[in-house]
Every structure is written in structure tokens, then in C-alpha cells.
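>>> coords please:
(chains A and B)
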Amino acid sequence: MTHPVRFHRIKASVVAVVLGVVMASGAQVPSPEQIMIQSDDRFEGNDFAARVKLTNVEPDGRTSELLLEMKTKLREESRQAKKHRYKILARVLEPADVKGLAVLVWENVWPQLDDIWLYLPALKQTKKVVPENFRNPIFGSEFSFEELTEREPAKDTHQLLKTDKILGKDAWVIKSISKTPDVDGFSYRLTWVVQEWLMPVKSELYDKNDKLLKRFMTDEAKVLQNVPTRIKSTAENTVTGRKSTFELIDPKYDTGLSDELFDPKNLGK
Amino acid sequence: MYQRALEWIVEHPKLVVFFIAIITVLAAAGLPRMQTDTDPDHMLSPTSPVRLYDEQVDRWFDLQDQIAIAVVSERHPDGVLNPTTLGKLYRIVQRSLDLEGVVRRNVKSFATTNNIISASDSLSQERLLKSDSPSPHDIEKLQRALSDNRLFKQVLISEDRKAAAIYISVTDEADAKNITDQIKQFIQDEGGDGADGDRFYIGGQRVAEDVFGVLMFQEMAVLSPIAGLVIFLALWLMFRRLRFTYILSPMLVAMFSVLWTMGLMIWLGIPVHIMSSMAPVFLMSYGVVDGIHILSEFSHKSRRSRDRKQAISETVWELRRPMLLTSLTTAAAFTSLYLTDIPPVRIFGVFVAFGILAAWVLTVTLIPALVMLTREQQTAARNLIEDSQGLLSRWLVRLGDFSLRYNKAIFYGGTAVLLLAGLGLTRLRINDSPVWWFKPGAPVRVATDLLNERFGGVSLLYIVAEGQKDDMKRPEVLRSFERLQKYLEADPWVGKTLSLADLVKRINRVWNGDDPAFEKIPDSQPAVAQFLLMYLSSGDPSDLQDFVDHTNYDKANIIVQVKNPGSAVMEQVVRRAREYLSANALAGVSFGFAGPGYFNDQWNLEMFQGMGLSLLGSALVVLILLMLDFRSITWGIAGIMPLAFTILVSYGVLAWAGKEFNMPIEVISALSLGMAVDFAIHFIDRFRERYRRCSHSRARLSEAMSWTTAVPGVAILRNAIILLVGFLVLLFAPLTPYVNVGGFIAAIMLLSSLTTLFFLPALIKTFEKYLFKEIQQNEGVKT
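Next up, the predicted model:
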């Protein structure tokens, strides 16, 4: 799995290498599994920092907002294997009564589950969290953990449905059928992966009766410091009509973040 | 003009029948387009504050009606916590999630609900039941998760662990009957109810409502024709000397009035509600009333005259006033239902009133026309020799004599009964539930009783707190919920209450290594806020949404489960809650009430008050109509006495017997009012007419009375008997509202006819001086 920001960017060079391999092997389209795995494993800078505005819009129009501070750092041990994994820290800035609440994620290579810690400032305590699956919403939004970090490809079987144009770019449309629909709460997923960036920019979740349950869209993406980055995305629950937007403010790559920041012992500092 | 119209009808019977046939065919053509509406929310008008608030609360907290399913495993030593039963439960829930109309995110069961588990320094979140083949380890974990957890106990699992519950949330539009049928099929696929000692029960208010909605039309389709047949047989027995067509004619009037009314309703695009589904029964019975008067009088006249045209013209002419007046007063009584605030009752009232007027039109046109189209009565000669003092007449004359002789005693006795009954009315109590629309032993009723017994209760009340943004995170607010819940749970009918306070306490405990000492509200708002944000990220957010608006945290919902589906118990729970809240007000936070159980209570209350008002209103209208028609205040009052007597005594007896009221029983008051006044009008109108004719006689009163009881009195009694047997058919219905209607109307028929034939003569005799003053004065002027 990759971290939440990583799906916002990818180094053009990596894409070039991947595509070069693809071309060399007879201009064949990579298999849908390969596309999903390479997208999941892609390199997204050594570190990253931004603020995030997470807005929920209820079906009746009421809104609530959460302002977060987000930092990520590449796990050095994953650099060699080209299966890039990150440490991700999200800390609440607003509203005041939850200020300082922090979530720390250490991504791991499947089948090892990610390590997650939670820090509650009111109790000044950190706990390790072992979620059963990653369908849980992030801070009560319509984005689930899995939608932000990209779902582990091994959980599905993949088919290449077609190619499509999205955000002005060519994209593969991949149908991923869940191996555990009871646990996931959906039957299959369609993902639009931009070929140039090897980055998913849209996905749709369906139940077994082909009813659309959820739609996840990139509203704005741009290449920052050579990394394609999703600036703004929207998740919509098409059953309830509830929506959430995830918007980056001042995103910066490679600012030289220290490893100390990502130590669970330091979450209260 | 009336006479000219009557002549035209008698001269052109074929044309009359032709026109009526065309209208009837047009009306009947609409029947296949019939739409039905069984949504109980529609019992209150769309602008009613109770309904608006209820809908608002449903949106705030994403609440839906639920189909409650209990799985009971009595035989297994571990109760339901055994691999076989759990496997079935898992598969049934998974299959139910995909059904049309099921709100997947709000289905609560072992197979869909998550639990937060705490280890020494970590938290994990797990589905209570993860597969349909749980290992002993999984079951042990489930058992641990369920034990000592207030959020699950008596909600998902019974105290003795012999029963587990599944709550399937369904949309407003969903067909709960159809969903229930499919779930039954899933149970069948698992070996059926009873396999491996596992019993399944499907219940709750919503299931009752939707199953009732389907059954009521089936019942109407079966029972209406049977009632019709019984009425026809009774008619035939009474008038068997008349030609078949004559006997058939009142039946045709009734059937056509039903078709016209239902046809009009359907063509106007109005869906048929539970209330209007009863309209055919009412019209079927009322429709024959005037026809019976005509047949009675006609058979009496045709014995003396061989000219059928003259006999029928005279009959209709003589009966014109009472028939029109009775139709108007009964129509007015039903129209008065428009005074209630219950839309289905208003529609019912207006359309039954229309049907009654249609029946009047049909009576004065179709019956004479059919009589004219029938070949001359060959048996007239036999009729001539028929004893005009039939058994029934003789008996009634004797009854009338008795009433006149002991008039004082009867009057005082009657007045005493009236007062006693009136006193009983103060004891009236309304109590109803859609679940009770089924007889004891009906599956939905058995299931609901079982769910109420084993779990917290399936009748739901929502107590909604409203304050400013973030108020619901304040520890003192949560503690006030806690105290209110404790107070409410002291009531044995309240099986369970759950609120945000319970959830916060649970999270606090889990965060602190599952230490029961931490099952309390934290002391600071940030701690509550952080627990809740954490829960939103790691728990089951749909659980949180049941209890609080997590956009602004300005509203919270306290769910109160009541173990009795009736409105009376709910009323009592709400009263206690209101009392508590007014004595323990919390600054800045106000409380409101909603929920399916509360809604049921409210519309029943609304109905009860509305019916009281409408009854008074219609009694007043009837009184005015009577005074105008009789051109006498005293006769108007006399005319309304049988009505007052019938209604007060019938409802008084019910009240004294401790019988609780419900909608069908209340709506019958309009019919009984109409019927009682009908009998009185026919009696008084014909009596006064006779009294005038008997001016030569010294025993003027008793002579007029003898005739009235012998001729119109027989018609009245015949009417009462025919309707009585017709309605008794409903006693065999499997749905209690119809049984109640049938039994109660039968009793009212007896009471109102006997009041008219027995109490009214005594009353007239007692107040002879006042009543006949005008008649005597008029006569004095003439001479």
C-alpha cells in the first residue's frame, strides 16, 4: 500500500522507466495486475509536507471541516526493493477540542498489515490501533483509509476493461473484483489509472447488483517538483448523497523531515 | 317536481337502468388502476408538526423503520452462540443486505456490527461475526465481546443468550412484506424454522403495518362478497313472498354505490388507505337500508293494491322525506370526520358521505325502475291473504304498548342507564398498535411479543436533545442523558435506553484497557470530542449517527425501547420523560419526542380528540337538520335521543368493561350515529304523520304508536337484523380491526333499533304535552 499523499504524485522518471520496459517488451499493455501493483509501489519523493482541508457536506447541505497537518517520509528499507512505503503523520489543527489528535501510519509490504498509532492529547496517551480492514472512514469523512492509500492489489482480481480519457490524459480502466466482498461491503471497483503518471485518479465502487455505491474523483491534479500530485479530490457516497473533499494547502516535497517526527513515542511532543 | 321526476322514472324504467349501468361501468373500469397506501406516517397530515418533526429526526440521525428478527436456540447448551446457529444467522444477514429496500449501512446484527477491542496498549476493531463457519476461538471472542457490553446486551443478544436479534433497516418506500417473505425464504433455505432447534421470529411495527396492508385487501375481497351474500339471504328470508328482482334491488343499490364511490376515489388518483378499505363494508350495509324501507312498505301496499305502478310510486313518495333526511344526516355525520386531522379518515368520511348520497339517488331511481321492469307479481293474491299482523309486527306492537304503559319507569330507567354510561365515558382510554391489528397467535404478533420479552423492546421512542454547536460533547450534557435514562429505565415497560452517553462511556472503558472503572463520562469536553473523532475513524460510524449529529454535535438522540407496542404505554413513558425533563431542565438544551412508537401514540391521540370533536359536530348538525325538518325544537331533541342513547351506552359499556379504544371502534361512532338517527327519523316522521291522521281517535297516541311500530317499526327491525347478520360475518376475519368493527356494529344495530322502538315511545308518551303542543295548536287554528 502507498500513503495518502503518494497517490498525488509520481516521478516522471519512474514512469519513463516503467513505460520503457513496457515498450521494449513489444509495446504490449502491462497486465492489469502489473498496473495496479506498480501504481501501488510508486516512488513519491523522500518526504512531503502539506496542510489538508477535509470538508464533509451532508445531504442537507450542512458542512463540517477539519484542518490537518500532514507529513510523510519514505521508509529507507523500501527504497531498494522499489516497493516504496512511507511513514505518514496526520495531526489535527482545527477544531480546537480535537487539536493535537494525531494518527501515525507506517506502511508495510503485504501481507504484513500497516502499523497505526493514535494519540489523544486530552489523555496524553498513545495507543496502537489494529483495524480489521481499511474500509473505515478517515475522521468521519467519506474517504476510507483504503481510498486514500490505495487498496492492496492482492485483495482483488483485476481485469483491464478499456482505455479512457480523463483529466485530459489517457487512462486504463481496470475492474478489480473483491475476493472478500462480505468484509469490504462492495463487490467490485472500477479504477481509472492515468497511463503517463501510473496514478489512479478516479474509482467507483459497485455492489453485486451493479449499483454504484461510492465514487472517488480527482478534481484537480498537477505536477509539483516533477511529481504528479492530486491537489483536490472528492469522495461521494451515492447511496446517502454525502460528500467529502480532501484539499492540499501548500504541498511541498523533499523538505528534509527528520525521522524523529514519525516515532510513536514522540506523538505527544 | 319530485313527483314529476318519480313519474318519469316509473314511465321510463329502461332508460333509468341504462344510465345507471353506464355510470357503473365507467366507475368499475377504474378499479384495476387502484393504488394502495399503508404508510402509517400518512396518518398525520404532511404539515402536522409531529410528522414534520419525526421526518426531520429521521434525517438528522439517519433512522429508518426496522424489521426485527429473533433467532432462538433453546436446545443448544450454548444458546445461539453455537456454530450452526451462527452460521445460519450470518448467511441470512448477508443475503438480506442485498434485498431491494434494505438500508445496508444500518443493518444491525453479529454479522454487520463492529466491536472495539482493547488489549494492553492497543485497540482493534472487529466484526462481531466474521464468517458463516466460526471456529471455537471466534465464538469465544464473540461471547467475550457480548458480555458486559451495554451496547449489545438485550439489543443483539438476550440476557440468557438463547436468542439473538437482527435489525434490518428498510426505507420508507420499501415493501416490508416482500422483504419479510424473502427472508422467510432464506430461513427455508437454511433448513426452515425449527431445524436444529432454531426458531425464527420476524416482527415489529413496520412488518405489522405492511403485512396488514396486503391482507386487508385480500380480506375485503373475500369478506365483502360473503357479507353481501348473507345480507341477501336475510333479505330473501324476510321478503321471500316478493319477486326475486325486488329483493335483489337493494343489493344492487348497495353494490353500485360501492362501485361509484371507489371508482371516483380511484379516478381522482387517491390511493386506498386502510381506512378507505373499510368504506365498501360501510356502504354495502348502509346502501340496503332505504331499499328495505321501500320493500317493507311496498310489500305492505301491494297486498292492498294490484297496481304495481301505483304501489311503488306511493311508497317512494311517502318515504321521500325520511329517506332524504336520513341520507343527509348520515352523510353529514361522515362528512364531520373531515374535522379530524387524520388525512385517511378525512378521505374516508367524505367518500362514504358521497357513497351514502349515491345510494340515495340509486334507491329512488333504480328500485322503482327495477320494480317496473319486473313482470307483474303473480303471487299478489297470496300476499293479500297474508296476515298483515305478522309475528314480528305483533311482537313489536306489544313492545310499543308495554313502553307506553310503563313509560315513566322506562324513561327514568333509561335516563339512569344514560347517566351511568356517560360516567363511563370519562374512563375512556385509547390504546392501539398495528401489531394488535392481528389476532393473538398471528406470526407477527407472536414474534413481536417474543422480541419484547427477550430483548429491550421493539417499540421505539426517540428523545431528541437540541442545543448549540458542540453542546453534545459537554460532559454535563452527557451526564444529564445518563440520569434521564436511569429514571426512565425504572419503568418496567422500558426495556432499554441507549444514548451517546453509553457510547462515550464504552469508548472510555475500551481505551483504558477494558477496565470497568472507566465506564463513565470523561471530565473534559476535549476528551469526549477526541474519543468521538477516534470512534469515527475506527468504529462503526453508523452507530454514532444513531445517537448524535456528528456534523455539528448540536443534537443528540436518546433511544428508548419499550416492551409494549400499544399507544397507552408509550403515552405513559412519554409523560414520565416530560415530567422528569421539566423538573430537571438543562440550560441551553431543549428536548423533543419522535420515533415510530411515539408516532403511533400521537396519531391515535390525535384521532381520539378529533373523533370527539367530529362526533359533537355531527350531532349538532343532525340536531339542526332534525329541528328544521320537524319544524320543532322539541321533536328535534326527541329525535336525537336514540342517537345519544346508542352512542353513550355502547361506548359507555365498552369503557366500563375496560375495553381500550382504537381507530376502527372510533370511526364506527360516525356510522352508529348515522344509523341511530335514521331509525329515529323513520319512526318519528311516520309516527307524526299517523298521529295527524288519527285526530278523530280518543286513544290517539296509542293508535298512532301501534301503527308505527307495526309498519315502519318492522322495517326498522328488519334493517337492524339484516345489517347485524351482515356485519357478524366480519367476526370471522383474521384481522382484529374488522372483527371489532363487525361485532361492535352488530351490537349498535341492536341497541339503536331497540332504543328507537322501545325507549322512544316511552319518551314520547312522557313528554306528550310538550311534543304535541304545536300539532294540537295547528289543528286548533285549522278548525
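
>>> surely A:S233 touches A:T245?
Yes. With contacts defined as CB atoms under 8 Å, A:S233 counts as touching A:T245 at a distance of 7.0 Å. For every residue, glycine as well, the C-beta is placed using N, CA and C.

>>> intersection of neighbour lists for those two?
Counting by CB atoms under 8 Å, 6 or more residues apart in numbering or on different chains, the residues touching both A:S233 and A:T245 are A:D219.

>>> pLDDT below threshold where in the stretch 101-250 of chain B?
B:119-120 (pLDDT under 70).

>>> could you list the contact residues of it toward chain A?
With CB under 8 Å from any CB of the partner chain as the criterion, the stretch 101-250 of chain B meets chain A at residues B:104-105, B:114, B:121-127, B:130-131.

>>> now do chain B
Within chain B, the positions adjacent to chain A are B:59, B:62, B:94, B:98, B:104-105, B:114, B:121-127, B:130-131, B:470, B:473, B:511, B:522, B:524-527, B:529-531, B:533-534, B:536-539, B:541, B:544, B:550-552 by CB under 8 Å from any CB.

>>> separate out the buried members of those residues.
B:62, B:94, B:104-105, B:114, B:123, B:125-127, B:130-131, B:470, B:473, B:511, B:522, B:525-527, B:529-531, B:533-534, B:536-539, B:541, B:544, B:550-552 (16 or more other CB atoms under 10 Å in any protein chain shown).

>>> so which of those sit within helices?
Assigned to helices by DSSP state H, the following of those qualify: B:94, B:511, B:525-527, B:529-531, B:533-534, B:536-538, B:541, B:544.

>>> what residue ranges in the stretch 151-269 of chain A score low on pLDDT?
Counting by pLDDT under 70, not a single residue of the stretch 151-269 of chain A qualifies.

>>> how about the residues of it by chain B?
Residues of the stretch 151-269 of chain A lying near chain B (CB under 8 Å from any CB): A:182-183, A:185, A:207-209, A:239-240.

>>> and the nearest residue to B:S109 once chain neighbours are set aside, how many residues sit next to it?
Leaving aside its chain neighbours, B:S109 sits nearest to B:I166 (4.1 Å; criterion: CB to CB, 6 or more residues apart in numbering or on different chains). B:I166: 24 surrounding residues under other CB atoms under 10 Å in any protein chain shown.

>>> I'd guessed B:I166 sits against B:L97; true?
No. With contact taken as CB under 8 Å, B:I166 and B:L97 are classed as non-touching, separated by 10.8 Å.

>>> shared neighbours of the two, anything?
Common contacts of B:I166 and B:L97, defined by CB under 8 Å, 6+ apart, comprise B:V107.

>>> now the strands: where do they sit in the stretch 101-250 of chain B?
Assigned by DSSP state E, counting those that start in this stretch, the stretch 101-250 of chain B shows strands spanning B:114-118, B:122-127, B:163-170, B:198-203.

>>> among those strands, which is nearest B:G652?
Closest approach to B:G652 among the strands of the stretch 101-250 of chain B is made by strand B:198-203 (34.7 Å; CB to CB).

>>> for the strands of the stretch 101-250 of chain B, give me JSON lines that also has distance to B:G287.
Converted to JSON lines, these look like this (distance: least, CB to CB, whole Å):
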{"stretch": "strand B:114-118", "distance to B:G287": "60"}
{"stretch": "strand B:122-127", "distance to B:G287": "61"}
{"stretch": "strand B:163-170", "distance to B:G287": "39"}
{"stretch": "strand B:198-203", "distance to B:G287": "38"}
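
>>> residue of the stretch 151-269 of chain A nearest chain B, please.
Relative to chain B, the nearest point of the stretch 151-269 of chain A is A:D182 (5.8 Å; CB to the nearest CB).

>>> for that residue, which non-adjacent residue is closest in space?
The shortest distance from A:D182 to any residue other than its chain neighbours is 5.8 Å, reached at B:Q94 (CB to CB, 6+ apart).

>>> so the one you found makes contact with A:V183?
No. Applying CB under 8 Å as the test, B:Q94 and A:V183 come out as separate, 10.8 Å apart.

>>> related to what we said a few turns ago, please report which of the residues of the stretch 151-269 of chain A next to chain B has the highest neighbour count.
Neighbour count (other CB under 10 Å) singles out A:G185 as the most crowded of those, with 19 neighbours.

>>> surely that one touches B:R104?
Yes. Using CB under 8 Å, A:G185 is in contact with B:R104, at 7.5 Å.

>>> check what pLDDT the residue in the stretch 451-600 of chain B that chain A sits nearest to gets.
Residue nearest to chain A within the stretch 451-600 of chain B (CB to the nearest CB): B:L536, separated by 3.4 Å. Among the per-residue scores, B:L536 holds a pLDDT of 82.
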